[in-house]
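Asker: Predicted coordinates and the sequence they were generated for:
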Amino acid sequence: MSKIKMAVSLYSLQDEYLNHRMNLSEIMSYVKENGAEGIEILPDQMLKGAPHVSDETVSEFKSLLTKNDLKPVCADVFLNTNLYKNRSLTRKESIDLLIEEIKQANSLGIHLIRLVSMVPYWVIRPLIPYCEQYDVTIALEVHAGMAFDIPQTREFIEEMKKVNSPYVGLVIDTGIFCRRLPRVVRAYEGSIGTSESVFDYIDELFKNGTDLHQDLIKNNGFSEGFKAAMKSEHDKMSAPLLDGYENYDYSVLDEYLPYIKHFHFKMWEMTQEGPEFSIDFKGLLQYLHEKDYDGYVACEYEGNRFTLAGQPMQEKQQVKMFLNYIGGCLKEIQG
Amino acid sequence: MFDNNVFIEGSCKNFSEDGKVSGYEMTTNITYYRGIPLSMVEYIHVDVDGERASDEDIRISVDQNDWFSMKEAETVTTYKWEYGDPLYIRVLKDGGLSKGQHKVALTVATRTAYIPVPLEGIKEREVVID
């Protein structure tokens, strides 16, 4: 029996926050009113002074959670290996930064950290004693464009399996389950000069059950067809960036289910009809239900960065539509 | 992608120190979706009427108390540019900008945690100096 619950990554409302249309209190109330049970936060985004937040900030954060009856599900953590311009951080410096993040998560009452994609495998063993001491799990994000076929992800997974600790796992981003290119991406990239033929080429790949990421690997770079689709220098610069929409079957997760701690339900556009334009969330929820997944699925709206010039930001509406749709699916699937 | 974050509207004006106009200033939001230490600001360019200000004349601050040149900022890890807070940018120029209308373009680039190229944002605004 699955126990799938809904959360919202506050990342989804970042433009509202940046431009001071909503503060953290208003954001928490909003997601609660619309049906979320939990929240995910980037401490670097909405908590001043992270990873060394003040006692006052911790207390405010916790009181907002209590007031809104929201569970703090996950902290999204980054690793600034390029903190300095002239060199990369050493292993010791990198691990020390992550220890601070673990301590901060504990102080915020958060027991799961999402490590951003490409965090190296060698952080795992030195961090485990801290994970145990502070009761914080670390989980690598499996993100489209940086998913199961990328050496850094493979190395992390290999080490994760060897270590086999309940404190180490994965967060899956649903950008790996695209069945077509988001049309908001097409509209935005088109508006800044990418040729229609580039998108047509990618659409055809999806129709054939594959994606640009696989196509680039298969051809060891641009295929002849893709080269022909690129009409300008702008196309050559921008087209490779369109590989972050992958078309995996859900069964790719079978092997990793024991390690999956959390899901980012990445979405670009909830449609008026209900479903997301590119991703079949209902199908994925059905799969997770059949696999007895017990955990959160967190809305991660990213259509905000593809808002056309002069058009209003849709963050609030999109989050609301997501919660309505996913809430309906869960009711139907889980009863 | 983060162009809309750059160059807060109405923020460009001359500033004075010790009773004389020493340059002009503006503010910007971050070209990223999270806060970062100042050392992760990769570069900042200011172009006025098509002419680029020298890097050496640019100063940045998160609190308007402590100002750093771009070279100095490379080692500044304890001052954080928070998401949702402005970065204050000054360009040293005796007398500041002349009265009247100018085209001011601001370019801001930040280094990010896993994206191999800096995230750059550019915004040009029509500015009127009183």
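Answerer: Good, I have the coordinates.
Asker: ranges for the strands of chain A?
Answerer: For chain A, the strands defined by DSSP state E occupy A:3-9, A:38-41, A:71-77, A:112-115, A:137-142, A:168-173, A:260-267, A:294-301.
Asker: so which of those comes closest to residue B:56?
Answerer: strand A:71-77 (35.9 Å; C-beta to C-beta). In short, each C-beta sits where N, CA and C put it, glycine included.
Asker: which residues touch the closest one?
Answerer: A:7, A:9, A:11, A:37-43, A:61, A:65, A:98, A:101, A:104-105, A:108-110, A:112-116, A:171, A:262, A:296, A:298 (C-beta atoms under 8 Å, 6 or more residues apart in numbering or on different chains).
Asker: how about the strands in chain B?
Answerer: Remark: strands assigned in chain B by DSSP E are B:13-17, B:20-28, B:36-37, B:41-48, B:51-52, B:58-61, B:68-69, B:80-81, B:87-92, B:100-110, B:119-129.
Asker: quick one: residue A:152 from residue A:279, how far?
Answerer: 24 Å (C-beta to C-beta, to the nearest Å).
Asker: ugh, wrong one, I meant residue B:19
Answerer: Taken as C-beta to C-beta, the span from residue B:19 to residue A:279 is 61 Å.
Asker: What of residue A:66?
Answerer: 33 Å.
Asker: higher neighbour count, those two?
Answerer: For residue A:66 versus residue A:279, neighbours defined as other C-beta atoms under 10 Å in any protein chain shown are more numerous around residue A:279 (23 against 10).
Asker: and the gap between the residue nearest to the spatial centre of chain B and chain A?
Answerer: Centroid-nearest residue in chain B, with C-alpha atoms, centre = their mean: residue B:89, separated by 3.6 Å. Counting by C-beta to the nearest C-beta, to the nearest Å, the gap between residue B:89 and chain A amounts to 18 Å.
Asker: what pLDDT does that residue get?
Answerer: Predicted confidence (pLDDT) for residue B:89: 98.
Asker: Who are the contact partners of residue A:246?
Answerer: Residue A:246 neighbours (C-beta under 8 Å, 6+ apart): A:144, A:145, A:147, A:175, A:176, A:177, A:178, A:211, A:213, A:214.
Asker: burial measure for residue B:63, as a count.
Answerer: Count around residue B:63 with other C-beta under 10 Å applied: 9.
Asker: try residue A:168
Answerer: The burial count for residue A:168: 25, using other C-beta under 10 Å.
Asker: List the contacts of it.
Answerer: Taking C-beta under 8 Å, 6+ apart, one finds A:124, A:128, A:131, A:137, A:138, A:139, A:160, A:259 in contact with residue A:168.
Asker: Next: residue A:137.
Answerer: Contacts of residue A:137 by C-beta under 8 Å, 6+ apart are A:111, A:112, A:113, A:131, A:166, A:167, A:168, A:169, A:261.
Asker: Run the chain-centre distance for stretch A:208-221.
Answerer: 22 Å (C-alpha atoms, centre = their mean, to the nearest Å).
Asker: For that stretch, which residues meet the burial criterion?
Answerer: By 16 or more other C-beta atoms under 10 Å in any protein chain shown, the buried positions in stretch A:208-221 come out as A:211, A:212, A:213, A:214, A:215, A:216.
Asker: sorry, back to before: redo the strands of chain A as CSV? Include distance to residue A:253.
Answerer: Output for the strands of chain A, formatted as CSV (distance: least, C-beta to C-beta, whole Å):
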stretch, distance to residue A:253
strand A:3-9, 14
strand A:38-41, 20
strand A:71-77, 18
strand A:112-115, 17
strand A:137-142, 9
strand A:168-173, 7
strand A:260-267, 7
strand A:294-301, 13
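Asker: I'd like those strands written out as JSON lines, with mean pLDDT added.
Answerer: Output for the strands of chain A, formatted as JSON lines (pLDDT from 0 to 100):
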{"stretch": "strand A:3-9", "mean pLDDT": "98"}
{"stretch": "strand A:38-41", "mean pLDDT": "98"}
{"stretch": "strand A:71-77", "mean pLDDT": "98"}
{"stretch": "strand A:112-115", "mean pLDDT": "98"}
{"stretch": "strand A:137-142", "mean pLDDT": "98"}
{"stretch": "strand A:168-173", "mean pLDDT": "98"}
{"stretch": "strand A:260-267", "mean pLDDT": "98"}
{"stretch": "strand A:294-301", "mean pLDDT": "98"}
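Asker: Compare those and give me the one nearest residue B:78.
Answerer: Short answer: strand A:71-77, nearest of those by C-beta to C-beta, at 19.1 Å.
Asker: Okay, now the sheet partners of that closest one, with direction.
Answerer: If you go by DSSP bridges, strand A:71-77 pairs up with strand A:38-41 (parallel), strand A:112-115 (parallel).
Asker: now, which of the contacts of residue A:246 sits nearest chain B?
Answerer: residue A:145 (10.4 Å; C-beta to the nearest C-beta).
Asker: and the closest one, how far is that from residue B:123?
Answerer: On the measure of C-beta to C-beta, residue A:145 and residue B:123 end up 28 Å apart.
Asker: Next: residue B:14.
Answerer: For residue B:14 relative to residue B:123 (C-beta to C-beta), the value is 20 Å.
Asker: Over to residue A:37?
Answerer: Taking C-beta to C-beta, one finds residue A:37 at 39 Å from residue B:123.
Asker: more neighbours, those two?
Answerer: Counting neighbours by other C-beta under 10 Å for residue A:37 and for residue B:123 shows that residue B:123 has the greater number, 19 against 15.
Asker: So what pairs up with that one in the strands?
Answerer: residue B:106.
Asker: Can you name the residues that contact it?
Answerer: Counted by C-beta under 8 Å, 6+ apart, residue B:123 has contacts B:3, B:4, B:6, B:7, B:105, B:106.
Asker: Which two of those residues have the greatest separation?
Answerer: Pairwise over those, using C-beta to C-beta, the maximum falls at B:4 and B:105, 14.7 Å.
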